[in-house]
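Student: could you work out the structure for the sequence below:
(2 chains)
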Amino acid sequence: MLFQQIIAGVITGSLYAMVALGLVIAYKVTGVMNFAYGYMGMISAYIFFTCFSMIGMNYVFAFLISVAFGAFVGYAVERGLLRPVRNVSPASMVIITLGLLLILEGIALQIWGNNYQQIPNLLNGFPLILKLGGGIIVIPQQNLLILGIVTAVIIALILYLNLTLQGKAMRAVAQNEEIAKLMGINSSLMMSISWIISGAIGALTALLVAPQTFVYPDMMLSLQIMGFTAAVLGGFESIPGSIIGGISIGIIENLVGTYISTNLKTTFSLAIIVAILLVKPEGLLSSAKARRV
Amino acid sequence: MATEHILEVENLIVKYGPIEAVKGIDFFVNTQEIVSILGANGAGKTSTLKALSGLIPHEGKIVFSLKDISKMESYKIPYLGLTLCPERRGIFPDLSVEDNLLLGAYTIRKNKNLVRQNMERVYGLFERLKERKTQLAGTLSGGEQQMLAIGRALMNEPKLLMLDEPSLGLSPKLVDFIFDSLKTINKSGTSILLVEQNAMIATEISNRIYVMQNGKFSLSGNAKEIDFQTLKMKYLGV
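Tutor: Below you'll find the model as predicted:
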């Protein structure tokens, strides 16, 4: 029972980690906290619904189109909406992204209505059953798929940022845009790329979770809140922090839901997180940097 | 002849809102020269360098290597061989020493052999950097950070290297070492435009100097011919 809940927590948590990663990469490079993030992903879930359920495209093909569309939405939002107002105060920026959230919600309502639309799992085969310490753990294939994709995305992102010159250039822009330009780095391009990556991750997350949540305009609300919390818990600047933050929240939430109260699941987990942040306000992983000035 | 001027600046003006930081200056740098712009804090020296690199809005004409770069986007300028070495806080603290150097070679990234060759050259010049290549740049000492900033600026083989206060916050011994390195860099064919508060050491290695006060040049000339007493009077007589 305990192991089953921990595994379930890791799966939910890996989705939180994805949201946190997408938020953090855009924040680090452009300095924008994107409160519309989940809703950008929601649009991609509708694109999938349209391509797969309405037009009848192949599942994988529709999936790829929707992720590409998410990447495009990320690019368009940064380029068209945020870059022209780059120099407004952080508070105004929050209002702008919250405004975008409402616009995206409105667009979805106008085009697709507010019915809950169902989309199937990609993998529906026999679940994986593990025997462990006297109990059994059942993991549906779709959850294995989620775990596999999330792991692949995390590894790809870490390799990209640490081993490729473009990834290093992106980190350079995140640290000091002016100096990065002196190196000959096109910082505007790096900002676009960071939002393209962020947009694709958001779309991917929405598509992975859609079979469970159904597709509707507010489908990403709780994922977005928990993803934000995960990012904050990780320090909002750290990629490993986002991953650890996301997975810990997923596990805490599932354990609270099982052993304390399902109704209090969210409240209680957020209370635990507030308690952690009271003790360690800079987040779990943000203090480890040595710096001499 | 004008073709000897690797850099030529006409009537450069930099404004921050209503305040004029640089009030219409003219100057040039010849190929192979070391030229210094001297002046106290707030005289407009750093603004001049930032304008030359395209980082801040400015008026006037800037010609580098016979090319008008007055309106060029900042990230395109280092591709021409004009590189600014910012003051030492301008390194990337959360990247390793080696990654900082690799980013210095961003404009020549397609030529992997040249990048490796230049890195060896920089490590030859500053051995300390080689010892610390895997360390995060933010953990280096002040002198090492300055070496890293200069080394990084050399990675794309600039024709003209501009340096912002390379002596800032360093011990006299390290200042000597850094300025000796600048002489070596110059001898190997790189022209240098230096901005400094430390007038004495800058005059020592320069061919020509300009003294800047309140956004204008109050004195300029051949470094060997300038009487240091006059320089001090002018320089200190703000």
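Student: so which strand or helix has residue 209?
Tutor: Just so you know, I chose chain A. Assigned by DSSP states H and E, residue A:209 belongs to helix A:187-213.
Student: wait, I meant chain B there
Tutor: Counting by DSSP H and E, residue B:209 is part of strand B:208-213.
Student: flag every buried residue along that strand.
Tutor: B:208-213 (16 or more other Cβ atoms under 10 Å in any protein chain shown). In this view, the C-beta of every residue, glycine as well, is placed from N, C-alpha and C.
Student: so the residue in the stretch 101-250 of chain A that chain B sits nearest to: helix, strand or coil?
Tutor: Chain B sits closest to residue A:184 of the stretch 101-250 of chain A, with a gap of 4.0 Å, by Cβ to the nearest Cβ. Secondary structure state of residue A:184, per DSSP: H, G, I helix; E, B strand; the rest coil, is coil.
Student: near it, how many other residues are there?
Tutor: For residue A:184, the count of nearby residues is 23 (other Cβ atoms under 10 Å in any protein chain shown).
Student: can you tell me how far it is from residue B:73?
Tutor: 11 Å (Cβ to Cβ, to the nearest Å).
Student: shared neighbours of these two, anything?
Tutor: Common neighbours of residue A:184 and residue B:73, using Cβ atoms under 8 Å, 6 or more residues apart in numbering or on different chains, do not exist here.
Student: around chain A, which positions in chain B sit nearby?
Tutor: B:53-55, B:74-79, B:83-84, B:86, B:89-95, B:99, B:102-104, B:106-107, B:109, B:136, B:138-141, B:152, B:156 (Cβ under 8 Å from any Cβ of the partner chain).
Student: let's see which of those residues end up in strands.
Tutor: Counting by DSSP state E, the part of these found in strands is B:83-84.
Student: PyMOL command for the buried members of the residues of chain B next to chain A?
Tutor: This is the PyMOL syntax for the buried subset of these, where burial follows 16+ other Cβ under 10 Å:
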select buried, chain B and resi 53+54+55+74+75+77+78+83+84+86+89+90+91+92+93+94+95+99+102+103+104+106+107+109+136+138+139+140+152+156
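Student: and the residue of the stretch 1-150 of chain A nearest chain B?
Tutor: For the stretch 1-150 of chain A, Cβ to the nearest Cβ, closest residue to chain B: residue A:28, 10.4 Å.
Student: where do the helices of chain A begin and end?
Tutor: A:2-30, A:37-49, A:59-76, A:90-112, A:141-163, A:165-175, A:177-182, A:187-213, A:221-233, A:239-259, A:265-279 (DSSP state H).
Student: tell me which residues of the third one come out buried.
Tutor: By neighbour count with 16+ other Cβ under 10 Å, helix A:59-76 contains the buried residues A:62-63, A:65-71, A:73-75.
Student: likewise the fifth one?
Tutor: Neighbour-count burial for helix A:141-163, counted by 16+ other Cβ under 10 Å, picks out A:142-143, A:146-147, A:149-150, A:153-154, A:157, A:161.
Student: same list (those residues) but as TSV, adding distance to chain B and pLDDT.
Tutor: Formatted as TSV, the buried residues of helix A:141-163 follow (distance: Cβ to the nearest Cβ, whole Å; pLDDT from 0 to 100):
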residue	distance to chain B	pLDDT
A:142	38	90
A:143	35	92
A:146	31	94
A:147	30	94
A:149	28	96
A:150	25	96
A:153	22	96
A:154	19	95
A:157	17	96
A:161	11	96
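Student: spit out the contact partners of the nearest residue to residue A:210 once chain neighbours are set aside.
Tutor: Using Cβ to Cβ, 6 or more residues apart in numbering or on different chains and skipping residues adjacent in sequence, the residue nearest residue A:210 is residue A:45, 4.6 Å away. Counting by Cβ under 8 Å, 6+ apart, residue A:45 touches A:66, A:119, A:203, A:206-207, A:210, A:215, A:219.
Student: can you check the pLDDT for residue A:45?
Tutor: pLDDT recorded at residue A:45 is 97.
Student: wait, what's in contact with the residue lying closest to residue B:125 once chain neighbours are set aside?
Tutor: Distance criterion Cβ to Cβ, 6+ apart; nearest residue to residue B:125, sequence neighbours excluded, is residue B:181 at 5.9 Å. For residue B:181, the contacting residues are B:125-126, B:147, B:150, by Cβ under 8 Å, 6+ apart.
Student: ok, residue B:183 next?
Tutor: B:34, B:205.
Student: that one in helix, strand or coil?
Tutor: Under three-state DSSP, residue B:183 comes out as helix.
Student: give me phi/psi at the residue nearest to residue B:208 when sequence neighbours are not counted?
Tutor: Among residues not flanking residue B:208 along the chain, residue B:35 sits closest, at 5.1 Å (Cβ to Cβ, 6+ apart). Note on residue B:35: backbone dihedrals following degrees, to the nearest 10 are phi -120, psi 140.
Student: how far away is residue B:35 from residue B:9?
Tutor: Taking Cβ to Cβ, one finds residue B:35 at 11 Å from residue B:9.
Student: next one: residue A:7
Tutor: Taking Cβ to Cβ, one finds residue A:7 at 66 Å from residue B:9.
Student: repeat for residue A:48
Tutor: Relative to residue B:9, and taking Cβ to Cβ, residue A:48 is found at 57 Å.
Student: for chain B, what spans make up the helices?
Tutor: So, for chain B - with DSSP H - the helices run B:45-52, B:97-104, B:112-125, B:127-131, B:142-154, B:172-187, B:199-205, B:228-236.
Student: turn those helices into JSON lines, including mean pLDDT.
Tutor: Output for the helices of chain B, formatted as JSON lines (pLDDT from 0 to 100):
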{"stretch": "helix B:45-52", "mean pLDDT": "95"}
{"stretch": "helix B:97-104", "mean pLDDT": "97"}
{"stretch": "helix B:112-125", "mean pLDDT": "96"}
{"stretch": "helix B:127-131", "mean pLDDT": "95"}
{"stretch": "helix B:142-154", "mean pLDDT": "95"}
{"stretch": "helix B:172-187", "mean pLDDT": "94"}
{"stretch": "helix B:199-205", "mean pLDDT": "91"}
{"stretch": "helix B:228-236", "mean pLDDT": "72"}
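Student: low pLDDT regions in the stretch 51-200 of chain A?
Tutor: Of all residues in the stretch 51-200 of chain A, none has pLDDT under 70.
Student: for it, what lies in contact range of chain B?
Tutor: A:165, A:168-169, A:171-172, A:175-176, A:178-187.
Student: if we use 6 Å, what do you get?
Tutor: The interface of the stretch 51-200 of chain A toward chain B, taken as Cβ under 6 Å from any Cβ of the partner chain, is made up of A:165, A:168, A:172, A:175, A:178-179, A:181-186.
Student: pLDDT of stretch A:211-223, averaged?
Tutor: Per-residue scores along stretch A:211-223 average to 94.
Student: over to it now: how far is its first residue from its last?
Tutor: From its first residue to its last, stretch A:211-223 covers 14 Å (Cα to Cα, to the nearest Å).
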